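heads up, no residue letters with this:
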């Protein structure tokens with residue numbers, strides 16, 4: 001495992017999160033998936049994702065968000081742990097294809113920006129459907145943006161609520177992914193080299209997070225996001241070609 005490459009990947013992923021408030025697992029998984037088995041990549045993602053999300057959980061809306069979103073979070077957690085995916089009966093080539101397809105779909109959705117229905121009043125229990133679907137995607141790809149992020153946007157949360165909701169949701173998904181990795185990984189998967197790689201990933205993620213936070217005010221947000229979604233499409237296509 002090339003530690004320098006791991007650090008570079010997580011610096012880039014942390015930078016994206018520092019600028020946009022999300023995207024660390026998506027960027028890291030899309031790049032690591034090009035040369036690493038999905039379960040290995042997911043193992044590296046868990047600690048940096050959890051550590052960088054916890055700060056985002058703080059805020060004044062915790063109680064209301066828990067009341068509103070707990071059914072969807074429960075669905076995300078249960079399905080992520082229990083659904084077929086990496087480390088199970090699904091072949092690695094199929095997992096990589098699903099990862100590539102998810103990245104292309106996410107990039108296309110981000111560029112298209114379709115109008116979403118207003119679910120602010122009636123959408124609580126639709127969160128179970130969105131959460132279950134997100135759990136399936138997470139179980140196969142370790143990426144948990146679709147369809148959960150569009151669902152959150154349909155709730156018409158204000159900016160501070162949205163940031164806190166993303167942090168809480170990604171924390172739940174990351175903890176479920178950690179259980180998934182623990183259950184799915186081979187008995188001897190944890191080693192000194194794996195621990196070193198996780199430490200390198202953590203260090204890279206926090207360096208990138210700080211750098212990205214400093215860049216946030218200097219970059220044109222819409223232009224950066226369009227470029228990022230194009231990168232997701234390119235990385236998704238690369239994963240699809242690799243799976244073939």
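Yep, that arrived. Please read these numbers as outputs of a predicted model, since none were measured by experiment.

so where does residue 166 fall, helix or strand?
helix 159-184 (DSSP states H and E).

list the buried residues of whatever helix or strand comes next after that helix.
Sequence-wise, the next helix or strand downstream of helix 159-184 (DSSP H and E) is helix 192-215. By neighbour count on 16 or more other CB atoms under 10 Å, the buried set for helix 192-215 is 194, 197-198, 200-209, 212. Glycine gets a C-beta too; all of them are placed from N, C-alpha and C.

go on, stretch 140-154?
So for stretch 140-154, counting by 16+ other CB under 10 Å, buried means 140-149, 151-152, 154.

and stretch 96-109, by the same measure?
Result for stretch 96-109 [16+ other CB under 10 Å]: buried residues 96-107, 109.

next: stretch 229-239.
229, 231-233, 235-236, 238-239.

I'd like these laid out as TSV, including secondary structure.
Listed next are these as TSV, based on DSSP: H, G, I helix; E, B strand; the rest coil:
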residue	secondary structure
229	helix
231	helix
232	helix
233	helix
235	helix
236	helix
238	helix
239	helix
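
quick check, nearest of these to residue 173?
residue 232 (17.9 Å; CB to CB).

do I have it right that that closest one meets residue 26?
Yes. Residue 232 is within contact range of residue 26, at 6.9 Å (criterion: CB atoms under 8 Å).

return every residue with contacts to both of the two.
Common contact partners of residue 232 and residue 26 (CB atoms under 8 Å, 6 or more residues apart in numbering): 103, 106.

how about the helices in the protein?
3-20, 24-32, 38-54, 62-82, 92-112, 126-141, 148-154, 159-184, 192-215, 221-243 (DSSP state H).

can I get those in TSV with distance to residue 120 and mean pLDDT?
Shown next, in TSV, are the helices of the chain (distance: least, CB to CB, whole Å; pLDDT from 0 to 100):
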stretch	distance to residue 120	mean pLDDT
helix 3-20	23	90
helix 24-32	26	89
helix 38-54	24	88
helix 62-82	10	95
helix 92-112	20	87
helix 126-141	11	93
helix 148-154	8	93
helix 159-184	11	89
helix 192-215	30	89
helix 221-243	23	83
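
residue 119 is nearest to which of the ones you listed?
Per CB to CB, nearest to residue 119 of the helices of the chain: helix 148-154, 4.3 Å.

list the contacts for the nearest residue to residue 50 once chain neighbours are set aside?
Closest residue to residue 50 in three dimensions, ignoring its sequence neighbours and counting by CB to CB, 6 or more residues apart in numbering: residue 174, at 4.6 Å. When contacts are counted by CB under 8 Å, 6+ apart, residue 174 touches 25, 45-46, 49-50, 53, 144.

hmm, try it at 7 Å
Listed by CB atoms under 7 Å, 6 or more residues apart in numbering, the contact set of residue 174 reads 46, 49-50, 53.

that concludes my questions; thank you for your assistance.
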